[in-house]
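Undergrad: Next one to model:
(one chain, ligands or ions: 1)
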Amino acid sequence: MSRWIKNPRGVQAKHLIHLLTQMALTSYFDMSRTIETRCCIAGGGPAGVMLGYLLARAGVDVVILEKHADFFRDFRGDTIHPSTLEVIYELGLIDEFLKLPHQEIREFAGQIGDELIPLADLTHLPTHCKFLGFMPQWDFLDFFSAQGQRYPGFHLMMEAEVVDLIIEDNRVAGVKAATPTGEIEVRATLTVGCDGRSSTVRERAGLQIQSLGAPIDVLWFRVSRKPADPDQVLGRFAPAKILVMLNRDDYWQCAFVIRKGAFSEIKQRGLEAFRDDIKSVAPFLDDRVQEITDWEQIKLLTVLVDRLRKWYRPGLLCIGDAAHAMSPIGGVGINLAIQDAVATANILARPLSENYVSLSHLQKVQLRRELPTKATQWGQVQVQERILSAVLGSQQQVRPPWFLRLFKKFPVLRRIPARLIGVGVRPEHVRTPEILSADYTD
Ligand SMILES: Cc1cc2nc3c(=O)[nH]c(=O)nc-3n(C[C@H](O)[C@H](O)[C@H](O)COP(=O)(O)OP(=O)(O)OC[C@H]3O[C@@H](n4cnc5c(N)ncnc54)[C@H](O)[C@@H]3O)c2cc1C
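TA: Numbers count the residues shown, from 1 in each chain. Below you'll find the model as predicted:
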């Protein structure tokens, strides 16, 4: 039997109805090996779940196929940007959303060598929430998939891996997906690839990828956190070392940035040397690095930066990382994926409800989202090449560049990175209506 969402930390009461509905619907999908829908979304990450939610909210029938059995995977980013919070505010869900456990960061700083540099001040942003939220991504995805259950057109199918496209007369007519009970076909007016940077959809569609390269990878691990630990420092720069630390209340989610391909060399030096590296860049972890006892606790996350030349072909569109894989720099990839979803719903909800999506509709989505994508990736590539590579390749004492010193003297300058990271280029606003009737698309 195919699985619908499981909450890995136990079923909370608020999710019970949602789970029961999904279990009841499971038998429908199991019995019929072919499903017809208006929009088939491959991938239940931030882009897929938000797009599915917005379209179902606008009365469009959607089927989201997610290959995993749950959202509980540790290597997802955790940042909820002010512009994403603004979208949640526009949807009327912000109060409920902010009841979920999270941290709010209004200012952040970088420890560059011996100097603490204030880098961004979000308190002046033109948004309702003037902070960056940190929330485990599985909570964010659980929240929106539970909210989606309010709409009859929202169908989320877990353990359903898209393995191929159905192509008829050169038009994508849907997908084939592997489930625990065998293969199913989902036929749709539009298929949207939201299946991340290793997208099967974009590969099967033969869409051309332009790689922008990435000289870094990330080692992802956690150590426990103490209340007295410093909390507003996100990045720590020392000779040949960069450590990013995300506050998850009782532990630090750490991202240790390394030169691309250097993990095997680090492993050869041994765990003790690795622990010393961590201590040298964050001395206050001295008493906790011993918690790292095995390489199994450390995940290698490979960084890619690329984008599609064309995001669409007849019957198919890619958004989020499937259209443009983002570097972790600035922690903006989730936000961009969500902004893509909002723009896609704004442009396509009406054509989908009328069951006619033309190439020019799809082109409109790319035209709308290409500028923010290119601008953000340009910024990420500059930081990767000019700052991170320089720090990782040098044993010299790290010193902040002159322009960052100005941030100390002139607090107003901290609003610039706050704006770029917190809101980004061309923020999207929800333009789709809420339609509760079940037969809007009939
Ligand atoms: C090391 C690292 C750290 C990062 N940290 C951050 C951060 O802190 N903040 C931030 O904003 N961004 C961060 N990013 C970038 C961010 O993770 C992505 O930009 C963002 O997740 C893109 O969202 P998405 O929905 O497009 O794709 P994804 O989040 O990759 O979601 C794709 C979904 O599709 C599913 N899927 C894949 N293949 C299939 C298939 N064939 N069939 C069905 N389902 C499938 C996957 O299981 C997944 O659920 C980081 C990136 C890296 C590499």
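
Undergrad: same for the helix ranked longest in the chain, what does it pack against?
TA: The longest helix of the chain (DSSP state H) is helix 359-382. With contacts taken as 3 or more C-beta pairs under 8 Å, 6 or more residues apart in numbering; DSSP states H and E, helix 359-382 sits against strand 306-308, strand 312-313, strand 316-318, helix 333-353. For every residue, glycine as well, the C-beta is placed using N, CA and C.

Undergrad: quick one, it and helix 333-353 angle?
TA: Relative orientation of helix 359-382 versus helix 333-353 (axes from the mean of the first three to the mean of the last three C-alpha atoms, to 10 degrees): 180 degrees.

Undergrad: Helix 359-382 vs the ligand: in contact?
TA: No: using C-beta under 6 Å from any ligand atom, helix 359-382 never reaches the ligand; the gap is at least 10.0 Å.

Undergrad: what does stretch 182-196 give?
TA: Yes: part of stretch 182-196 sits close enough to the ligand to count as contact by C-beta under 6 Å from any ligand atom, namely 194-196.

Undergrad: which one of those is nearest Y312?
TA: Distance to Y312 across the residues of stretch 182-196 next to the ligand (C-beta to C-beta) is lowest for C194, with 13.3 Å.

Undergrad: can you list the residues that contact stretch 205-219?
TA: 165, 172, 193, 202, 255-263, 266, 298-311, 313, 316, 318, 327-328, 377, 381, 384-385, 388-389, 392 (C-beta atoms under 8 Å, 6 or more residues apart in numbering).

Undergrad: one step back: identify whichever of the helices and strands packed on helix 359-382 lies nearest to the ligand.
TA: helix 333-353 (2.0 Å; C-beta to the nearest ligand atom).

Undergrad: Who are the packing partners of the closest one?
TA: For helix 333-353, the packing partners by 3+ C-beta pairs under 8 Å, 6+ apart come out as strand 34-42, helix 46-57, strand 79-80, helix 82-90, strand 182-193, helix 359-382.

Undergrad: let's go with 6 Å and repeat that
TA: The contact analysis (3 or more C-beta pairs under 6 Å, 6 or more residues apart in numbering; DSSP states H and E) places helix 333-353 against helix 46-57, helix 82-90, helix 359-382.

Undergrad: what distance separates stretch 103-123 from the middle of the whole chain?
TA: Stretch 103-123 sits 22 Å away from the centroid of its parent chain (C-alpha atoms, centre = their mean, to the nearest Å).

Undergrad: Pick the most buried one from the helices and strands packed on helix 359-382.
TA: strand 316-318 (a mean of 29; mean count of other C-beta atoms under 10 Å).

Undergrad: need the residues of the stretch 1-150 of the chain near the ligand, please.
TA: Near the ligand, when you scan the stretch 1-150 of the chain using C-beta under 6 Å from any ligand atom, you find 42-48, 65-68, 77-79.

Undergrad: Reformat those residues as TSV; add neighbour count.
TA: Output for those, formatted as TSV (neighbours: other C-beta atoms under 10 Å):
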residue	neighbour count
A42	31
G43	30
G44	26
G45	25
P46	28
A47	30
G48	29
L65	28
E66	30
K67	19
H68	15
G77	20
D78	21
T79	22
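
Undergrad: Out of those, which one has the weakest pLDDT?
TA: By pLDDT, G77 ranks lowest within these, coming in at 74.

Undergrad: Could you say which helix or strand holds it?
TA: Using DSSP states H and E, G77 is not contained in any helix or strand.

Undergrad: Contacts only, for whichever residue of the stretch 101-250 of the chain sits closest to the ligand.
TA: Here the stretch 101-250 of the chain gets closest to the ligand at one residue, G196, 2.6 Å apart by C-beta to the nearest ligand atom. By C-beta atoms under 6 Å, 6 or more residues apart in numbering, G196 lies in contact with 45, 321.

Undergrad: So it lies in a helix, does it not?
TA: No: counting by DSSP: H, G, I helix; E, B strand; the rest coil, G196 falls outside a helix, being coil.

Undergrad: so the residue lying closest to D229 once chain neighbours are set aside, which of the three states?
TA: In this structure, D229 finds its nearest non-sequential neighbour in F284, 6.0 Å apart by C-beta to C-beta, 6 or more residues apart in numbering. For F284, the assignment made with three-state DSSP gives helix.

Undergrad: Tell me where the stretch 1-150 of the chain has strands.
TA: 34-42, 62-65, 79-80, 103-105, 107-112, 115-121, 132-134 (DSSP state E, counting those that start in this stretch).

Undergrad: The fifth one - which strands sit beside it in the sheet, and in what orientation?
TA: Using DSSP bridges, the neighbouring strands of strand 107-112 in the sheet come out as strand 115-121 (antiparallel), strand 233-238 (parallel).

Undergrad: Redo those as TSV? Include mean neighbour count and distance to G92.
TA: Formatted as TSV, these follow (neighbours: other C-beta atoms under 10 Å; distance: least, C-beta to C-beta, whole Å):
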stretch	mean neighbour count	distance to G92
strand 115-121	20	28
strand 233-238	21	31
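
Undergrad: Least reliable of those strands by average pLDDT, please.
TA: Among those, strand 233-238 carries the lowest mean pLDDT, at a mean of 83.

Undergrad: Identify all contacting residues around that one.
TA: Contacts for strand 233-238 (C-beta under 6 Å, 6+ apart): 108-112, 243-244, 280-282, 391, 398.

Undergrad: Which ChimeraX command selects the buried ones in those?
TA: A single ChimeraX command selects the buried members of these (16 or more other C-beta atoms under 10 Å):
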select :108,109,110,111,112,243,244,281,282,391,398
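
Undergrad: What is the nearest of the contacts of strand 233-238 to N355?
TA: V244 (45.7 Å).

Undergrad: tell me which element the closest one is part of?
TA: Assigned by DSSP H and E, V244 belongs to strand 241-248.

Undergrad: Would you mind writing the CA trace of that strand as CSV?
TA: The C-alpha coordinates for strand 241-248 follow below in CSV (Å, rounded to 0.1, in the frame of the first residue of the first chain):
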residue,chain,number,x,y,z
LYS,A,241,38.1,27.1,7.7
ILE,A,242,34.6,28.3,7.5
LEU,A,243,31.8,27.1,9.9
VAL,A,244,28.2,28.1,9.7
MET,A,245,26.1,27.4,12.7
LEU,A,246,22.3,27.3,12.8
ASN,A,247,20.6,27.5,16.2
ARG,A,248,18.1,24.7,16.6
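
Undergrad: Distance from the chain centre to that strand, please.
TA: Distance, centroid of strand 241-248 to centroid of chain: 18 Å (C-alpha atoms, centre = their mean).

Undergrad: Over to stretch 276-295?
TA: 28 Å.

Undergrad: Stretch 137-151 now?
TA: How far stretch 137-151 lies from its chain's middle: 15 Å, per C-alpha atoms, centre = their mean.

Undergrad: buried set for that stretch?
TA: Neighbour count says stretch 137-151 has 137-149, 151 buried, by 16+ other C-beta under 10 Å.
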